[in-house]
Each structure stands twice: as C-alpha cells, then as structure tokens.
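Student: Pasting a predicted model and its sequence here:
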Amino acid sequence: MSGSSRIRTDLALEATESFAQSNTELRGVEVKEQYDEERDIRTTVVKITTENGAKAMGRPQGNYITIEAPNLSASDEDYHREISEEIARHLRKLVNLKRETSVLVVGLGNQAITADALGPHVVDNLRMTRHIIREYGLKSTEKEILHRVSGLAPGVMAQTGMETSEIVMGVVAETKPDLVIAVDALAARSIRRLNRTVQITDTGIHPGSGVGNHRIGLTEEYLQVKVIGIGVPTVVDAATIVHDSMEHLLDALEEQEQKEFLEEMIAPNLYSMFVTPKDVDETVKYLSFTISEGLNMAFSGV
C-alpha cells in the first residue's frame, strides 16, 4: 500500500480524485461539478450507482454532496448564511419536507475535544420543536409546515461505556422519528479543505471512522429509518502534511520514484496522528452555527 493511499479521508470527492490522479477508470460512479464564481462556492455531487462503484470507492451506494467554500472558516456572517442556504437547499432535495416530518438530529463527537465538538455544538444551536408540538398540539396550516425537531448529543464510548449506535437506536425506538440527521467532524486528505468543506450524504455516517475508530454506522439499514450524514473535515492525517510538503520537493522525480521515496520517508506512527489548525475553537463555533442554521432553514421552510 502506498503512502498516499494509507492517508484517511471521509470525503467521497477526495476518493474520486485519487482515482483521477492515477488515471484509473472508475465505473459506477458519476461526478457532477458546479461552480458559483460570484460567491466562490464549488458544489460537487458524487453518485455511486453500482456495487462495483461502491467497492472501488469503499463507500455505500448513494449521493455525496460536497460544498467547498474557501471563506467558510472566516467570520463573515453574510457568507456563512449563503452556505446555510446551500445546505438547506440540498437537504430539501434529499428529503421530502413537504409534509410534517419528525426529525432527530444527532450531534456526534466528544464535546471536550474542540476539533471533535462540531456535532454537539450543532445540536446546541438548533431550534427544537418536538416538545412544544407535543405539549400544545400545534397543527400545520397551508402556509406553514411544522416539523417535529428533537436533538441528541450521545457523547463517545469513553464517556458513556456504550456504542453511540446503541444510544441512538434506543432513542429512535422510543421516539420513532421519520428521519435521522447525524452531524460529525470528519478527516480530510487535503489541507485546503480543512474547515472549508461540508459533505452531505444520504448514506448515513460512521462515527469515528475518520480517525480509524471503526464503530457500527448510523445507517438506514441499522436504524430502519432514513439517515442523512452531514460533516465538516476538522482534522487531517499528520502524514498528509509530510506527504504534501515532500511532494513539492520531489517534483523532479519520476512518479514511481516519488511514491517509493515518500513511503520510506513517512514514519508509520504519523498515520495515527491527526492535526487541526490553531484557531479551531473559533472555526468550529462558526461552522456549527452555519450547519444548524442550514437545518433550521430546511425545517422552517425559510
């Protein structure tokens, strides 16, 4: 296995790029890209349509929407609102929100670790309505659809002694939502996508997979309810930084020589180390508001 292929990524877009770089034909995978030059937002939809495509990509069949926004880590409220609107627009495409829907939003991650706290912060910022509707029996009108929104931040196994999937399964069995939306911090292959990219997928999510912790996934197959996964890469594999830095120095070498050199130079322990920017505290705060507002817009019809 080459050094670059051992570097982890949760982004389907980056998986397709690795095939393009090696000039490998990728069957059963459709890629469509759209660029909004005025807002500097690039949206790529990766659709895995066959079992062979899923096997090659190492991901389930389904849709993977990637929104790349270079200014997403900056504190520009107007820009963040535009991204929130994009998130809401794509959610409405993946989910039928034209009727009253019961939605459970699960904020995955460890709130005590900033780079992993995206999910819990998103839940903190959501407008919860399930308890109000249950209490007052509000009904929808022709002009307004009232979705029952509830939230859960289940923590991590080291805090609870339970699999996240076990906790979510119990809540799903008790509250019976029509839809589960799982929000998690991801790992990226490219430094330029760190804190600047949002991935939305209708295939669910696997908690901890980005940092090599293999857990039972929150998927429709497991929970028996439709699951949407939303994530932002907040960490990169430490080996990525070494790999990319060395690659610039080795441009003069042939491709095969370059791969062999990088494999020898990157220490194995770097693949178990993850790096995040120093301003991650502020960035995660901005990102969590952006995602929660996107969800609020989708559920309120704004």
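Tutor: On my side now, so go ahead. Residues are numbered from 1 along each chain as shown.
Student: contacting residues around residue 175?
Tutor: 102, 104, 130, 150 (Cβ atoms under 8 Å, 6 or more residues apart in numbering). C-beta here means a position set from N, CA and C on the backbone, and glycine is covered the same way.
Student: how about a cut-off of 10 Å?
Tutor: Listed by Cβ atoms under 10 Å, 6 or more residues apart in numbering, the contact set of residue 175 reads 102, 104, 130, 148, 150, 152.
Student: so the closest residue to the last one other than its chain neighbours bridges to which residues?
Tutor: Right, residue 152. Once flanking residues are discounted, residue 152 sits nearest to residue 106: 5.1 Å by Cβ to Cβ, 6 or more residues apart in numbering. Beta-bridge pairing of residue 106, defined through DSSP bridges, involves residue 152, residue 182.
Student: So for residue 106, what pLDDT did the model give?
Tutor: The model reports residue 106 with a pLDDT of 97.
Student: do you know how far the nearest residue to residue 118 once chain neighbours are set aside is from residue 281?
Tutor: Once flanking residues are discounted, residue 118 sits nearest to residue 185: 4.5 Å by Cβ to Cβ, 6+ apart. Residue 185 is 13 Å from residue 281, where distance means Cβ to Cβ, to the nearest Å.
Student: Neighbour count: those two, which is higher?
Tutor: Comparing residue 185 with residue 281 by other Cβ atoms under 10 Å, the one with more neighbours is residue 185, at 28 against 11.
Student: residues contacting the more buried one?
Tutor: Each residue near residue 185 by Cβ under 10 Å, 6+ apart is listed here: 10, 108-110, 113-119, 195, 208, 210-211, 231-235, 276, 280, 284, 287.
Student: Narrow those residues to those that are buried.
Tutor: Buried subset of the contacts of residue 185 (neighbour count, 16 or more other Cβ atoms under 10 Å): 10, 108-110, 114-119, 195, 208, 210-211, 231-235, 276, 280, 284, 287.
Student: Let's test this: mean pLDDT of the strand or helix carrying residue 85, rounded?
Tutor: If you go by DSSP states H and E, residue 85 is part of helix 77-94. Averaged across helix 77-94, pLDDT comes to 94.
Student: Show me the residue at the heart of the protein, geometrically.
Tutor: Closest to where the C-alpha atoms of the chain average out (Cα atoms, centre = their mean) is residue 231, at 1.9 Å.
Student: And residue 225, how close does it get to residue 103?
Tutor: From residue 225 to residue 103 the distance is 10 Å (Cβ to Cβ).
Student: overlap in contacts of those two?
Tutor: 177-180.
Student: Let's see if you can find the most crowded of these.
Tutor: Using other Cβ under 10 Å as the neighbour criterion, residue 180 leads the shared contacts of residue 225 and residue 103 with 25 neighbours.
Student: That one: helix or strand, and which one exactly?
Tutor: Element membership of residue 180, judged by DSSP H and E, is strand 179-188.
Student: Also residue 169?
Tutor: Take DSSP H and E as the rule and residue 169 turns out to sit in helix 164-175.
Student: Keeping just the C-alphas, turn that helix into CSV.
Tutor: Output of helix 164-175 as CSV, limited to C-alpha atoms (Å, rounded to 0.1, in the frame of the first residue of the first chain):
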residue,chain,number,x,y,z
THR,A,164,-23.1,5.6,20.0
SER,A,165,-25.2,3.4,17.8
GLU,A,166,-26.8,1.7,20.8
ILE,A,167,-27.8,5.0,22.3
VAL,A,168,-29.2,6.3,19.0
MET,A,169,-31.0,3.0,18.4
GLY,A,170,-32.7,3.3,21.8
VAL,A,171,-33.9,6.9,21.2
VAL,A,172,-35.1,6.0,17.7
ALA,A,173,-37.1,3.1,19.0
GLU,A,174,-38.7,5.3,21.7
THR,A,175,-39.4,8.5,19.7
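Student: Neighbour-wise, which one of the contacts of residue 175 leads?
Tutor: When neighbours are counted by other Cβ under 10 Å, residue 104 leads those with 24 neighbours.
Student: Not including adjacent chain positions, what is the nearest residue to that residue?
Tutor: Of all residues not flanking residue 104 in the chain, residue 177 sits nearest, at 4.0 Å (Cβ to Cβ, 6+ apart).
Student: how far away is that neighbour from residue 299?
Tutor: 12 Å.
Student: residues shared between the contacts of the two?
Tutor: Common neighbours of residue 177 and residue 299 (criterion: Cβ under 10 Å, 6+ apart): 101, 103, 105, 148-149.
Student: May I have the secondary structure class of residue 227?
Tutor: With DSSP: H, G, I helix; E, B strand; the rest coil as the basis, residue 227 sits in strand.
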